[in-house]
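Colleague: Provided below for reference: sequence and predicted model.
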Amino acid sequence: MSERYERLLDYLAGADDWVTAGELADRLGVTTRSVRSYVTSVKQAAMPLEVIASSTSGYRLNRDAYAEFLSAVRSSSKAPGSPRDRVHAIIRDLGESIDGVDVFDLASAMYVSESTVEADLRKVKMLAEDAGLELARRGSRVRLEGSELGRRRLLSRIFRDQSAQGFLDLDYIQREFGFPALGRFKDDLVERLGATGYFVNEYSINNVLLHVAIAVDRVSKDRSIESADPSPAPGGPPEVERLLEQLVAEHFSVRLGVRELGYLAILLTTRVLTPGHDEPTEDVAAAYLRDDDLAALRSIVALASDEYLVDLRDEDFLVRLGLHVRNLVARGHESAHTRNPMTRSIKSSYPMIYELAVFIASQIQRREGIPINDDEIAYIALHVGSHLERQSRREERITCAIVSPTYYDLHERLRERVEAVFGDDLQVDITITRTDVDWSALSSDIVITTLPVQGARDTVVTVQPFLTDGDVEAIRRAIAAVRRHRRRMQLKDELLQYFDERLFFRDLQAPDEPTMIRRLGSAMVELGIIDDEYVEQAIEREAMSSTAFTDTIAVPHAMTMSASHTALAIVVNETPMQWGGNRVTVIALIAFSAEGRRAFQVVFDQLVEVFSDRDVVQRIIRRGTTFPAFIDELVRVMDE
């Protein structure tokens, strides 16, 4: 399948309901006719499995059939079909061969023309050069030239490219290399590392297991990275090297040399392992962190705390983040960033926490002179979010009235059950045990009642005397609705004061992100809200990590808060524009003043939340053709 077919399937896989052809067309940047063509092609390729269901509501993925289809594709022995598959197959052949491969043989094996193989080889050449290798040619024969480590980097690259949503499937690695023992190797490795005092990053460990599989496979074919170089081989902690040596020999009957073990140990310690499990914070800092690095990070965290009005000055958090940054810097200097399969969801669900992580990453990037990508920023966001979650006080609890007429002690049992399940979320104000209830007099946020109520509002939940699983879910939905309404009302109060008719644009197009930021920024500069430096800082921030936090909205901004006052310049387009990896229809350039820092935290998160709903955005696009109509529709949406 082509890359667009795969993107279509990935998008359907992430959707909870039917997806219209128009929505898919916007996401893929094609016409609805092309979408229908892609769906037809996928259905034909997957027959007799029904991978995609079609209806008047759009398209929906049949997940069981899709999983079976993917399994069949991965285990298929047919010639590679898509250009990417062919490129990867050529790389695998080149990696296996010392003398190289013949172009005509490749074309014959893949059932394509020689010109097609020549085009594929140009892509192979670029990938090889990225791995520090060279594609050499003599006549019709081509071969890879360069180090064994370069060959392994190239092999790992193509495996990662084939992984879904950033996750490397362990079964896939086992199947491709013929190593059924890899799963047992992982279990033993994780158990022993935990016992040795390490935290293990489960999100990244399969990437290192891929390198283990490559090393075992290459060494078994006499393709080791050992050399006659007399200089000491770089390596990781001795206990990690010894453990790897023992487990590889035990599970794969292969002996790895000193440099092989050192290379794998470095990968483990910089991508997967964090030391200091169950050790006092001061001991961990003294054993694993340099004083100057810790001091620099302390300064960065203090600056972030001041800029974003949060409290990150906690020694436990600082040391744990320091251990992570130590590994991040080591990866950065080797240009070996680790993937984070949660990056997309973190950006869209916790934009403010992600923004805090971007700020911290930008300071680390300047100090260390290394690039830090979105995946690495998302790992920093996990540290920040985890700390803030532990530190923050509970959200103000929702008030609740229970209506349960007296029958023995059923009302008491119901209250006890509600408090046991929802104690962190609900505060029971009153329990009414009569049947003649003045419903209009109840002022609690939620009413839980065993009596049927005609014409009840959304926050009245009718339940059984003994709570069922369905009752529990209904109460949870009511709690979520109350909190969502509170947030929307807060947003309405905060957000509407920042709009200005002079900063509202319909169908304003730009060829790229910097041009759009400059166009919106110039309107703000003319009004004296920001200066040209703020605009350039917003472009610099955008280059570091896309501000398209969802599929519908981009929120460019600078990381400094130097505006004369907080304001928004907003574009609402019928035709989406490319922004990072997304196609967005709403672009909001935000300028924040120093006095507006606290508002930043409220506006930023909830602006993204409101405009992340595609149906809401489509309504605003259709109805918000003028500034007053836009404001009216926005208020209507927030009042719902």
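Modeller: Thanks, I have the structure now. Note that the structure is predicted; figures quoted are calculated from it, not measured.
Colleague: please make it C-alpha for all contacts and neighbour counts, starting now.
Modeller: Noted.
Colleague: would you mark the buried spots in the strand ranked longest in the chain?
Modeller: Taking DSSP state E as the criterion, the chain has its longest strand at strand 567-579. Neighbour-count burial for strand 567-579 flags 567, 568, 569, 570, 571, 572, 573, 574, 576, 577, 578, 579 (criterion: 16 or more other Cα atoms under 10 Å).
Colleague: for the stretch 251-400 of the chain, give me the ranges with low pLDDT.
Modeller: Within the stretch 251-400 of the chain, the ranges that satisfy pLDDT under 70 run 391-396.
Colleague: now with 50, please.
Modeller: Applying pLDDT under 50 to the stretch 251-400 of the chain picks out residues 393-394.
Colleague: what segments of the stretch 1-150 of the chain are strands?
Modeller: Along the stretch 1-150 of the chain, the segments classed as strands by DSSP state E, counting those that start in this stretch run 52-55, 58-61, 101-102, 134-138, 141-145.
Colleague: show me how far the third one is from its chain's centre.
Modeller: Taking Cα atoms, centre = their mean, to the nearest Å, the mean C-alpha location of strand 101-102 is offset from the chain mean by 40 Å.
Colleague: again with stretch 412-420
Modeller: When C-alpha coordinates are averaged (Cα atoms, centre = their mean), stretch 412-420 and its chain have centres 38 Å apart.
Colleague: list the buried residues for that stretch?
Modeller: For stretch 412-420, a neighbour-count test (16+ other Cα under 10 Å) marks 414, 415, 418 as buried.
Colleague: show the contacting residues for the second one.
Modeller: If I follow you right, that is residue 415. 402, 431 (Cα atoms under 8 Å, 6 or more residues apart in numbering).
Colleague: returning to what we had before: how about the buried residues of stretch 412-420 in CSV, adding pLDDT, secondary structure and distance to residue 158?
Modeller: Output for these, formatted as CSV (pLDDT from 0 to 100; DSSP: H, G, I helix; E, B strand; the rest coil; distance: Cα to Cα, whole Å):
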residue, pLDDT, secondary structure, distance to residue 158
414, 91, helix, 57
415, 91, helix, 57
418, 91, helix, 52
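Colleague: need the residues you listed in CSV (columns: distance to residue 286).
Modeller: Below are these laid out as CSV (distance: Cα to Cα, whole Å):
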residue, distance to residue 286
414, 53
415, 51
418, 47
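Colleague: so how far is residue 242 from residue 199?
Modeller: Separation of residue 199 from residue 242 (Cα to Cα, to the nearest Å): 18 Å.
Colleague: of these two, who's got more company?
Modeller: residue 199 (17 against 13; other Cα atoms under 10 Å).
Colleague: quickly list what the more buried one is bridged to.
Modeller: Beta-bridge partners of residue 199, counted by DSSP bridges, are residue 274.
Colleague: residue 429 in helix, strand or coil?
Modeller: Here residue 429 is recorded as strand under DSSP: H, G, I helix; E, B strand; the rest coil.
Colleague: tell me, how many residues neighbour the closest residue to residue 62 other than its chain neighbours?
Modeller: Excluding the flanking residues, the one nearest residue 62 by Cα to Cα, 6 or more residues apart in numbering is residue 51, at 5.2 Å. Counted with other Cα under 10 Å, residues neighbouring residue 51 total 24.
Colleague: also residue 129?
Modeller: By other Cα under 10 Å, the residues close to residue 129 number 14.
Colleague: before we move on, what about residue 19?
Modeller: Residues lying near residue 19 (other Cα under 10 Å) number 18.
Colleague: let's have the chain start at 59 instead
Modeller: Happy to do that; since the first residue is 59 now, the last one works out to residue 77.
Colleague: what's the spacing between it and residue 118?
Modeller: Residue 77 sits 6 Å away from residue 118, going by Cα to Cα.
Colleague: any chance you could list what contacts the longest strand of the chain?
Modeller: Taking Cα under 8 Å, 6+ apart as the rule, strand 625-637 contacts 84, 556-558, 561-568, 570-571, 578-579, 581-582, 587, 604, 606, 612, 641-650, 679.
Colleague: on contacts alone, who are the packing partners of the helix or strand following it?
Modeller: For strand 625-637, the succeeding helix or strand toward the C-terminus, using DSSP states H and E, is strand 640-649. Other helices and strands packing on strand 640-649, by 3 or more Cα pairs under 8 Å, 6 or more residues apart in numbering; DSSP states H and E, are helix 79-86, helix 571-584, strand 611-612, strand 625-637.
Colleague: closest to residue 536 out of those?
Modeller: strand 611-612 (27.6 Å; Cα to Cα).
Colleague: circling back to that earlier point, present the helices and strands packed on strand 640-649 as TSV; the columns should include mean pLDDT.
Modeller: Converted to TSV, those look like this (pLDDT from 0 to 100):
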stretch	mean pLDDT
helix 79-86	82
helix 571-584	96
strand 611-612	92
strand 625-637	92
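Colleague: ok so, going back, closest one to residue 537 among the strands of the stretch 59-208 of the chain?
Modeller: Nearest to residue 537, of all the strands of the stretch 59-208 of the chain, is strand 116-119, at 29.3 Å by Cα to Cα.
Colleague: so which elements touch that closest one?
Modeller: Here strand 116-119 touches helix 61-72, strand 110-113, going by 3+ Cα pairs under 8 Å, 6+ apart.
Colleague: pLDDT of it, averaged?
Modeller: The average of the pLDDT scores along strand 116-119 is 91.
Colleague: residues contacting it, please?
Modeller: With contacts defined as Cα under 8 Å, 6+ apart, strand 116-119 is touched by 67, 70-71, 73, 75-79, 109-112.
Colleague: which ones are touching the closest residue to residue 355 other than its chain neighbours?
Modeller: Once flanking residues are discounted, residue 355 sits nearest to residue 380: 7.0 Å by Cα to Cα, 6+ apart. Contact analysis of residue 380 by Cα under 8 Å, 6+ apart lists 347, 351, 352, 355.
Colleague: restricted to helices, list these.
Modeller: The helices, defined by DSSP state H, take in 351, 352, 355 from those.
Colleague: can you pull the contacts of the residue most central in space within the chain?
Modeller: Computing the C-alpha centroid of the chain and ranking residues by Cα atoms, centre = their mean puts residue 401 first, at 1.6 Å. By Cα under 8 Å, 6+ apart, the residues touching residue 401 are 432, 433, 436.
Colleague: list the buried residues in the strand or helix carrying the second one.
Modeller: When you say that, I think you mean residue 433. With secondary structure defined by DSSP H and E, residue 433 is part of helix 432-449. Going by neighbour count (16+ other Cα under 10 Å), the buried part of helix 432-449 is 432-443, 445-446.
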